[in-house]
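>>> A structural model of the following input is requested.
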Amino acid sequence: MSRRKEPSRDQAVHHRVHRQISRAVLYASAKAGVARVVDTRLNNVSQLAGFTKRRDLEFFLRRMAGIDYVHDTELAPTAEMLDDYK
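Predicted coordinates:
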């Protein structure tokens with residue numbers, strides 16, 4: 001059985017701050033009347049930070065703020081366009 005590594009103090013602080021910011025953004029979005037978030041990312045399954053993965057984002061939007069989530073890549077930049085920024 002492998003033991004799960006405890007997060008460092010810095011990691012724990014980062015996660016706590018990120019959680020607080022995330023809640024604040026969700027609350028402000030719901031209060032502002034946001035009804036739907038349209039995710040236009042070509043790759044919405046990678047996790048760059050926080051709960052940006054499609055399933056996590058969809059869950060938190062709906063559960064915490066009552067906001068609908070849609071993934072639609074019609075407005076997304078092409079992979080070639082994004083390559084210019086790498």
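
>>> for residue 26, which non-adjacent residue is spatially closest?
Leaving aside its chain neighbours, residue 26 sits nearest to residue 65 (4.4 Å; criterion: C-beta to C-beta, 6 or more residues apart in numbering). Yep, even glycine has a C-beta here, placed from its N, CA and C like the rest.

>>> just give me the neighbour total for that neighbour.
By other C-beta atoms under 10 Å, the residues close to residue 65 number 18.

>>> surely it and residue 32 touch.
No. Using C-beta atoms under 8 Å, residue 65 makes no contact with residue 32, being 10.2 Å away.

>>> from residue 6, how far off is the residue nearest to residue 26?
Note on residue 65: its distance to residue 6, by C-beta to C-beta, to the nearest Å, is 31 Å.

>>> thinking again about what came up before, and the residue nearest to residue 26, what does it touch?
26, 27, 29, 30, 34 (C-beta atoms under 8 Å, 6 or more residues apart in numbering).

>>> okay if I get the residues you listed as a markdown table plus pLDDT?
Below are the contacts of residue 65 laid out as a markdown table (pLDDT from 0 to 100):
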| residue | pLDDT |
| --- | --- |
| 26 | 85 |
| 27 | 87 |
| 29 | 90 |
| 30 | 90 |
| 34 | 94 |
